[in-house]
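Novice: Predicted structure and sequence below. I'll ask about it afterward.
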Amino acid sequence: VIANSLVDMLAKCGMLSEAREVVKGLPVQDVVSWNSLIAGYIKHELFDEALRCFEQMPVIGLTPDVFTFASIIKACGSLGASCKGQEIHADIARNGPLETDMVLGTSLIGMYATFGMLKEAQEVFDELPGWDMATLNALLAGYSQSGKDELVVNTFVKLIDENYKPDLLTFKILLDACIHMGLLDEGQRYFETMNTTIATNFTVEHYTCLIDLFGRAGHLHRAVLLIMEMPFHAN
RNA sequence: CUGUGGUGAAG
């Protein structure tokens, strides 16, 4: 247990060969040691190394668990490995109970979103027993990435109705969609509504996001106006 | 309450 914490720490710091050595030297390697290692590889974007570990697990008699799958599905997404990802998803589906895990579900949604496979993403979403903001953001990001800007906005409205509390990423996706559609006014209106109605404490980050989008969309004037309006020091 | 997992693109 203590050794696993060490592995995790080393892996998080990017000392991956050291982490691997520690795992190798363990008298009993369990699934947690390997999960930590895999998560480390992914954190440092060594996705194929993560996949290699994943394939190695059964060989040494370890059964991947829900943690392993959540990580490895993310790796498949980052690698653009859609076949591998779907293959692993099929294994997960065969495993019944895993399918209802929200974190794993979110990871799957994110993966399908990056592949532009909205139908699959939606299916995973619909099967889940519950959703949190990460799940919803993954789905919204998928819509956005596939150019379904109206769907982003509609879903956002629905989500507000259902009392979800959007976070910074939600705003980025929403505002991005608005501006993509050329709906600058709507975007800013949502922004202002959110700023006042919804009990969200807007930070300088939120403003930065909208300002950035205005600037990028070629509306420097509006960006400057916003900077002057915001209740912070410009930084 | 022994340790490990999830949320887009751009910059």
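Specialist: Looks like it arrived, so ask away.
Novice: Now do the SS call for the residue in chain A sticking out farthest from the centre.
Specialist: Most distant from the centre of chain A: A:P27, at 34.9 Å, with distances by C-alpha atoms, centre = their mean. Under DSSP: H, G, I helix; E, B strand; the rest coil, A:P27 falls in the coil class.
Novice: got it, and the one 5 residues further on?
Specialist: In the three-state summary, A:V32 is assigned as helix, counting by three-state DSSP.
Novice: How about it: what's its closest non-neighbour residue?
Specialist: A:N4 (5.0 Å; C-beta to C-beta, 6 or more residues apart in numbering). Just so you know, the C-beta spots here come from the backbone N, C-alpha and C atoms, and that holds for glycine as well.
Novice: Distance-wise, check the residue farthest from the centre of chain A relative to A:A234.
Specialist: In this structure, A:P27 and A:A234 are 57 Å apart, going by C-beta to C-beta, to the nearest Å.
Novice: Could I have the CA atoms of the helix or strand of chain A with the lowest mean pLDDT written out in PDB?
Specialist: Among the helical and strand segments of chain A, the one scoring lowest on mean pLDDT, DSSP states H and E is helix A:184-196, with a mean of 74. Provided in PDB are the C-alpha atoms of helix A:184-196 (Å, rounded to 0.1, in the frame of the first residue of the first chain):
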ATOM      1  CA  LEU A 184     -22.400  37.300 -30.300                       C
ATOM      2  CA  ASP A 185     -25.300  39.000 -28.700                       C
ATOM      3  CA  GLU A 186     -26.800  35.700 -27.500                       C
ATOM      4  CA  GLY A 187     -23.400  34.700 -26.200                       C
ATOM      5  CA  GLN A 188     -23.000  37.800 -24.200                       C
ATOM      6  CA  ARG A 189     -26.600  37.700 -23.100                       C
ATOM      7  CA  TYR A 190     -26.100  34.100 -21.700                       C
ATOM      8  CA  PHE A 191     -23.000  35.400 -20.100                       C
ATOM      9  CA  GLU A 192     -24.700  38.200 -18.400                       C
ATOM     10  CA  THR A 193     -27.700  36.100 -17.400                       C
ATOM     11  CA  MET A 194     -25.300  33.600 -15.900                       C
ATOM     12  CA  ASN A 195     -23.300  36.300 -14.200                       C
ATOM     13  CA  THR A 196     -26.400  37.600 -12.300                       C
END
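Novice: And the next helix or strand past it?
Specialist: helix A:204-216 (DSSP states H and E).
Novice: That next one vs RNA strand B: in contact?
Specialist: Yes: counting by C-beta under 7 Å from any atom of the strand, RNA strand B has neighbours in helix A:204-216: A:D212.
Novice: Which other helices and strands does that helix contact?
Specialist: Helices and strands touching helix A:204-216, by 3 or more C-beta pairs under 8 Å, 6 or more residues apart in numbering; DSSP states H and E, are helix A:168-180, helix A:184-196, helix A:220-229.
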